[in-house]
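Visitor: just need the structure, nothing else, for what follows:
(3 chains)
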Amino acid sequence: MAYPFFLFLKEDQGMLGNCIDEVRKQGTLVHNITNYVTVNDVANILLACGGSPIMSDEAEEVEEITSICSGLNINIGTLNRRTIEAMYIAGRKAKELGHTVLLDPVGAGASSLRTETAARLMKEIKFDVIRGNISEIKTLSRGSGSTKGVDADVADAVTEDNLDEAVAFVKAFASETGSITAVTGAIDLVSDGADCYVIRNGRPEMGRITGTGCQLSGMMTAFVAANKEQKLKAAAAAVCAMGLAGETGFKYMREGGGNASYRSLIIDAVYNMDGKILDEGARYEIR
Amino acid sequence: MAYPFFLFLKEDQGMLGNCIDEVRKQGTLVHNITNYVTVNDVANILLACGGSPIMSDEAEEVEEITSICSGLNINIGTLNRRTIEAMYIAGRKAKELGHTVLLDPVGAGASSLRTETAARLMKEIKFDVIRGNISEIKTLSRGSGSTKGVDADVADAVTEDNLDEAVAFVKAFASETGSITAVTGAIDLVSDGADCYVIRNGRPEMGRITGTGCQLSGMMTAFVAANKEQKLKAAAAAVCAMGLAGETGFKYMREGGGNASYRSLIIDAVYNMDGKILDEGARYEIR
Amino acid sequence: MAYPFFLFLKEDQGMLGNCIDEVRKQGTLVHNITNYVTVNDVANILLACGGSPIMSDEAEEVEEITSICSGLNINIGTLNRRTIEAMYIAGRKAKELGHTVLLDPVGAGASSLRTETAARLMKEIKFDVIRGNISEIKTLSRGSGSTKGVDADVADAVTEDNLDEAVAFVKAFASETGSITAVTGAIDLVSDGADCYVIRNGRPEMGRITGTGCQLSGMMTAFVAANKEQKLKAAAAAVCAMGLAGETGFKYMREGGGNASYRSLIIDAVYNMDGKILDEGARYEIR
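Guide: Take a look at the predicted model:
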């Protein structure tokens, strides 16, 4: 049945491309409460994809800041007591206003504070999207975990061998939480509980750059906020865009290049991407 | 009267070039209380122009830190209660010592906290320079505003059509506040109330990089601190240097380049700039 | 005696190379409590050398975070009351677990808070390594100082003329503190009190990039943590690796390049470095 399936994919990919075009059209403004490690890259990738970033983590102003935005990106990568308070306040306000709200549970499993903060945020705020690596999402699923720092545990990795099981897990997690769930790694999975995008864009070298996950979360917030009538597709489009940018950026690597140059080339590739390019480069199936 | 005006400009431009040469000669040390989004670029552009950066936002030490510097750059881009306190303490001390103090009211108008903090800082500290986009400066002028995030509102933009009005506004604001005022955008305006530099360096693509404004504020603090006998000229020179670096950097963009590469190329262009290059590339008139 | 000395060096250099190979083999996880200016570069250089970074400065979680790591890098570059508390807690826990703990006393001498925090940390935590510029280490030695911001004072610089005296100073400081001491600058010195590596890798242009010192501290923590049976050698290897990366990166500078491009090229060079390359490029003697 390869032929009809191929046709189906081609039509679908066309729609993915629309998602980035919408961000460029709307200039989607995203409020980020994010870690100070990768915040500059998050800002630059949001500008690269046609969105606009604003960062604020002060409890006293986050209601106002998030009110002028379309999406809120909450990333717990360098959380502290002060910024955790801001996450709750901003999250509640953004949901009240019908904005898109995303959680990136960086390092959930690496400390109780991270695991519990992510869990409590999920209880108080119905996130539109949760995006993390497989170890983080497994931690959220079990309520506890053993993440190896901020990277996924090798034992958890999604591979062709355990793909069916992984798809089932992500679908179940998305159903239970009511949040579109994106698990990114060598193979990326994005599900709303019913369908699951299995995405094979990207390159392994992306794992040697800090913050590609954080960048994706920022960009995904913009994609979903700009395409509220098709959130699953928009989330999948952001994953494909990031992976495709990794492929394109790698082509421009020069002799002597490494992870620092690659980091810029990926953002550059997003900057030069439009719906047509995304449609042609996106590699995924729906299960 | 084009001919004599041209001659006048040429002489004047020669003096702009001196401003960057002085920074390189003095190795001007600038204390920055700035946001964590663009702080690395602010540090690198200060090094690029021949200055030296130090960052500190802890109330307990900012008096000492600012005392060993020549200039203080206060940027409210990710302000919080703790850092706001440090801004007051450092600002008062720096003025007491006769240092150059600059305010970058990032996002004034986007939240009451930002608008009020900027307003109170301006009441307590007589800033040598205030640099922002047109929406931010209009907010400070009115005491309230409706900034679209951290970017200027399109409706506010300075264009050739409303230039006379904009020049009059900036002159009036500079007169009222007693601070040299730099409003940057497609056309940049820098005034001390009497004269107004109208600057046409730069490229629109610079708006797609996060932090070109923050970088300019850092560099402007160094330029003014190193040229205290001609502050208006030094502030204008910094604006021309930033815009010219945007033009030069763009020439070095390679195939596949985007905002992330461009960001580095602009700082690189400042690194390679001297007074002669600045004089030859500066494009401005005085009104 | 040039010939046997040369042979000795060659053998020794072979062992330096092993140090980076070990980091790549182990994927050494380093907990960083570091400043927000250069944190992204610290993360990327740790990934570049084969390690893995995690950043956390919240007192409530640092014990757990540091427990899953092999090394702890404490950098006081933008210290505040909240993060200072986290430094003590993490430092004590890491030592209790036998982890490698490094102190980078950024700006010691520039404020009492920095000088005293560094001094108290040294009293409470027996650091495996202390890495700073000569002015910072002199400040720690005297208990007070006059650092010019975050850069070394020219008057303090280690040169060929005062090398004997500088080597004696660093040896004495290492003996007194019981910490391997790395003083970096034009000539780098790394000593455990008995021996002192005198290293001549690197380029002066590295001083025009923000954070090469912070990056080295992060990478050195990984090198020492991955080579606990030969800590002095590992610390020296990290210094050689950073300097050599500066030399290699500079070769790839293009027309129009400056400090921002150079910053990426240095991290790229580390990314492409292995033990063999390090052995061939390391330039040092032991005194």
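
Visitor: show me the contacts for A:Gly281.
Guide: Counting by C-beta atoms under 8 Å, 6 or more residues apart in numbering or on different chains, A:Gly281 touches A:Asn201, A:Cys240, A:Leu244, A:Glu247, A:Thr248. The C-beta positions use only the backbone N, C-alpha and C, and glycine is treated the same way.

Visitor: determine the set of other helices and strands touching whichever strand or helix holds the third one.
Guide: In the assignment (DSSP states H and E), A:Leu244 maps to helix A:231-251. With contacts defined as 3 or more C-beta pairs under 8 Å, 6 or more residues apart in numbering or on different chains; DSSP states H and E, the secondary structure elements packing on helix A:231-251 are helix A:2-26, strand A:129-132, strand A:180-183, strand A:188-191, strand A:196-199, helix A:212-226, helix A:259-271, helix A:275-281.

Visitor: among the contacts of A:Gly281, who's most crowded?
Guide: A:Cys240 (28 neighbours; other C-beta atoms under 10 Å in any protein chain shown).

Visitor: for A:Leu232, see how far away it is.
Guide: 13 Å (C-beta to C-beta, to the nearest Å).

Visitor: residue contacts, the residue nearest the centre of chain A?
Guide: In chain A, the centroid-proximal residue (C-alpha atoms, centre = their mean) is A:Ser217; its distance is 3.2 Å. Shown in contact with A:Ser217 (C-beta under 8 Å, 6+ apart): A:Thr34, A:Val42, A:Asn73, A:Asn75, A:Leu102, A:Asp104, A:Arg131.

Visitor: what parts of the stretch 151-287 of chain A come near chain C?
Guide: For the stretch 151-287 of chain A, the residues in contact with chain C (C-beta under 8 Å from any C-beta of the partner chain) are A:151, A:208-211, A:254-261, A:263-264.

Visitor: and those near chain B, which?
Guide: Restricting those to those near chain B - C-beta under 8 Å from any C-beta - leaves A:Arg263, A:Ser264.

Visitor: tell me which two of the residues of the stretch 151-287 of chain A next to chain C sit farthest apart.
Guide: A:Asp151 and A:Glu255 (28.2 Å; C-beta to C-beta).

Visitor: and the two? which has more neighbours close in?
Guide: The neighbour comparison of A:Asp151 against A:Glu255 (other C-beta under 10 Å) goes to A:Asp151, with 21 against 7.

Visitor: show me the beta-bridge partners of that one.
Guide: Beta-bridge partners recorded for A:Asp151 (DSSP bridges): A:Lys148.

Visitor: surely it touches A:Gly132?
Guide: No: with contacts counted by C-beta atoms under 8 Å, A:Asp151 stays clear of A:Gly132, the gap being 11.2 Å.

Visitor: hey, C-alpha coordinates of the helix or strand hosting A:Glu116 in PDB?
Guide: Here A:Glu116, judged by DSSP H and E, is contained in helix A:112-124. Extracted in PDB, the C-alpha atoms of helix A:112-124 (Å, rounded to 0.1, in the frame of the first residue of the first chain):
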ATOM      1  CA  SER A 112      12.500  16.500  43.000                       C
ATOM      2  CA  LEU A 113      12.000  20.200  42.500                       C
ATOM      3  CA  ARG A 114      11.900  19.800  38.800                       C
ATOM      4  CA  THR A 115       9.700  16.700  38.800                       C
ATOM      5  CA  GLU A 116       7.300  18.200  41.300                       C
ATOM      6  CA  THR A 117       7.200  21.700  39.700                       C
ATOM      7  CA  ALA A 118       6.400  20.100  36.300                       C
ATOM      8  CA  ALA A 119       3.700  17.900  37.900                       C
ATOM      9  CA  ARG A 120       2.100  20.700  39.800                       C
ATOM     10  CA  LEU A 121       2.200  23.000  36.800                       C
ATOM     11  CA  MET A 122       0.400  20.200  34.800                       C
ATOM     12  CA  LYS A 123      -2.200  20.000  37.500                       C
ATOM     13  CA  GLU A 124      -2.900  23.700  37.700                       C
END
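
Visitor: what helices or strands is that helix leaning on?
Guide: helix A:81-96, strand A:100-104, helix A:134-142, helix C:59-67.

Visitor: give me that answer again for 6 Å
Guide: Using 3 or more C-beta pairs under 6 Å, 6 or more residues apart in numbering or on different chains; DSSP states H and E as the contact definition, helix A:112-124 packs against no other helix or strand.

Visitor: and it, what's buried?
Guide: A:Leu113, A:Arg114, A:Thr115, A:Thr117, A:Ala118, A:Ala119, A:Leu121, A:Met122 (16 or more other C-beta atoms under 10 Å in any protein chain shown).

Visitor: in chain A, what residue comes closest to chain C?
Guide: Residue nearest to chain C within chain A: A:Gly258 (2.8 Å; C-beta to the nearest C-beta).

Visitor: how far does stretch A:234-253 sit from the chain's center?
Guide: 12 Å (C-alpha atoms, centre = their mean, to the nearest Å).

Visitor: what does it contact?
Guide: A:16, A:19-20, A:129, A:180, A:182, A:188, A:190, A:197, A:199, A:201-203, A:206, A:216, A:219-220, A:223-224, A:227, A:265-266, A:269-270, A:278, A:281-282, B:256 (C-beta atoms under 6 Å, 6 or more residues apart in numbering or on different chains).

Visitor: rerun that using 7 Å as the cut-off
Guide: Residues outside stretch A:234-253 that contact it (C-beta atoms under 7 Å, 6 or more residues apart in numbering or on different chains): A:16, A:19-20, A:129, A:180, A:182, A:184, A:188, A:190, A:197, A:199, A:201-203, A:205-206, A:212, A:215-216, A:219-220, A:223-224, A:227, A:261-262, A:265-266, A:268-270, A:273, A:278, A:281-282, A:284, B:256.

Visitor: just the buried ones among the residues you listed, please.
Guide: A:16, A:19-20, A:129, A:180, A:182, A:184, A:188, A:190, A:197, A:199, A:201-202, A:205-206, A:212, A:215-216, A:219-220, A:223-224, A:227, A:261-262, A:265-266, A:268-270, A:273, A:278, A:281-282, A:284, B:256.

Visitor: for chain A, which residue gets nearest to chain B?
Guide: Counting by C-beta to the nearest C-beta, chain A gets nearest chain B through A:Tyr271, at 2.8 Å.

Visitor: which residues does that residue contact?
Guide: With C-beta under 7 Å, 6+ apart, A:Tyr271 has these contacts: A:Ala48, B:Gly258, B:Asn259.

Visitor: with A:Thr212 instead?
Guide: A:Met206, A:Met242.

Visitor: next one: A:Phe173
Guide: Contacts of A:Phe173 (C-beta under 7 Å, 6+ apart): A:Ile137, A:Ser141, A:Thr181.
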